[in-house]
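Trainee: with the sequence up front, the predicted model follows.
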Amino acid sequence: MGRHRILLLGGTTEARQLAERLAGHPAYEATLSLAGRTAEPRALPLAVRRGGFGGAEGLAQYLRAQKIDLLIDATHPFANRISANAAQAAKATGVPVFALRRPAWERVEGDLWENVESVEAAVEALGTAPRRVFLAIGRQEAFAFSRAPQHAYVVRSVDPVVPPLDVPQAEYILATGPFHEADERRLLEERRIDVIVAKNSGGSATYGKIAAARILGKPVVMIERQVAPDVVSVADAEAALERIAHVLPPA
């Protein structure tokens, strides 16, 4: 009997960690699927598929054609459409599915968070008075803040924001985490930031800005996650391996 075939929908640190554990595994033949949004993803230790599937129906066709035994959704906590497509495709094909998703950050004493449900709500939460804003939500939805040109923005992303924001004052920083608290505190102080806009991504790689904001007494407009599809979820690569072994027991 051949190895079990696994499709891992990736793009996160946790997906990479699981991919490294699955690479060369005697019981599993895994393929990592990346949406292709990052210009130059780092080399990965197993077969990689780049690009979309064509929605839930296209993903279901791929699962059937490739005889996939298990689907793992390890996409970003804010990749809502992909996660919904994964759940729908798994249901349509009968392929088992689970999510590898890091827990969200939780407010602690000293945090000055304003929780909002969307990027659009975050724009409104900044208010009408001009402020210096550290925008740390990635490049995909940064354009929404062009609707609030009264603010001065410092925008950090992995890849360039194209086109740039249609605002009078914007500075762009290209950088990849992890970002450490001391460095984030220095950035907030040097750029004279008044408020941070962040997504509640969870994990440690980008938490430095949240800890730095707490120390400096800076408010954070925190964009919360939408409700995830109703599938089993695990928090890290080790738990994912245990789940795989449970779903796909050795022959």
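Mentor: It's in.
Trainee: now E120. Its backbone dihedrals?
Mentor: E120 adopts backbone torsions of phi -60, psi -40, taken as degrees, to the nearest 10.
Trainee: hmm, it is touching E141, no?
Mentor: No - the pair E120 / E141 is not scored as a contact, 9.1 Å apart, by Cβ atoms under 8 Å. Placement of C-beta: from N, CA and C, glycine included.
Trainee: as PDB, could you dump the C-alpha coordinates of the helix or strand bottoming out on mean pLDDT in the chain?
Mentor: Using mean pLDDT, DSSP states H and E, the weakest-scoring helix or strand in the chain turns out to be strand 47-50, at a mean of 88. Extracted as PDB, the C-alpha positions of strand 47-50 are listed here (Å, rounded to 0.1, in the frame of the first residue of the first chain):
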ATOM      1  CA  ALA A  47       6.500  19.400  -3.300                       C
ATOM      2  CA  VAL A  48       4.900  22.800  -3.700                       C
ATOM      3  CA  ARG A  49       1.900  23.900  -5.800                       C
ATOM      4  CA  ARG A  50       1.400  27.600  -6.400                       C
END
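Trainee: return the distance of that strand from the chain's centre.
Mentor: Its chain's C-alpha centre and that of strand 47-50 lie 18 Å apart, by Cα atoms, centre = their mean, to the nearest Å.
Trainee: buried stuff in that strand?
Mentor: Neighbour counts using 16 or more other Cβ atoms under 10 Å place R49 of strand 47-50 among the buried residues.
Trainee: against which helices or strands is the lengthiest helix in the chain packed?
Mentor: Taking DSSP state H as the criterion, the chain has its longest helix at helix 80-93. With contacts taken as 3 or more Cβ pairs under 8 Å, 6 or more residues apart in numbering; DSSP states H and E, helix 80-93 sits against helix 55-65, strand 70-73, strand 97-100.
Trainee: now these in JSON lines, with mean neighbour count?
Mentor: Output for these, formatted as JSON lines (neighbours: other Cβ atoms under 10 Å):
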{"stretch": "helix 55-65", "mean neighbour count": "17"}
{"stretch": "strand 70-73", "mean neighbour count": "24"}
{"stretch": "strand 97-100", "mean neighbour count": "23"}
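Trainee: is it correct that N115 is in contact with R225?
Mentor: No - the pair N115 / R225 is not scored as a contact, 10.7 Å apart, by Cβ under 8 Å.
Trainee: how does this protein divide up, domain by domain?
Mentor: As assigned by automatic domain parsing, the chain contains the domains 4-102+227-247, 113-223.
Trainee: and those, which one is worst for confidence?
Mentor: Lowest mean pLDDT of these: domain 4-102+227-247, a mean of 89.
Trainee: what distance do you get for the closest residue in space to I137 that isn't next to it in sequence to A136?
Mentor: Closest residue to I137 apart from its sequence neighbours, by Cβ to Cβ, 6 or more residues apart in numbering: K199 at 5.2 Å. Separation of K199 from A136 (Cβ to Cβ, to the nearest Å): 8 Å.
Trainee: neighbour-wise, which of the two wins?
Mentor: Neighbours of K199 and A136, each counted by other Cβ atoms under 10 Å, are more numerous for A136; the result is 25 against 21.
Trainee: T31 in helix, strand or coil?
Mentor: strand (DSSP: H, G, I helix; E, B strand; the rest coil).
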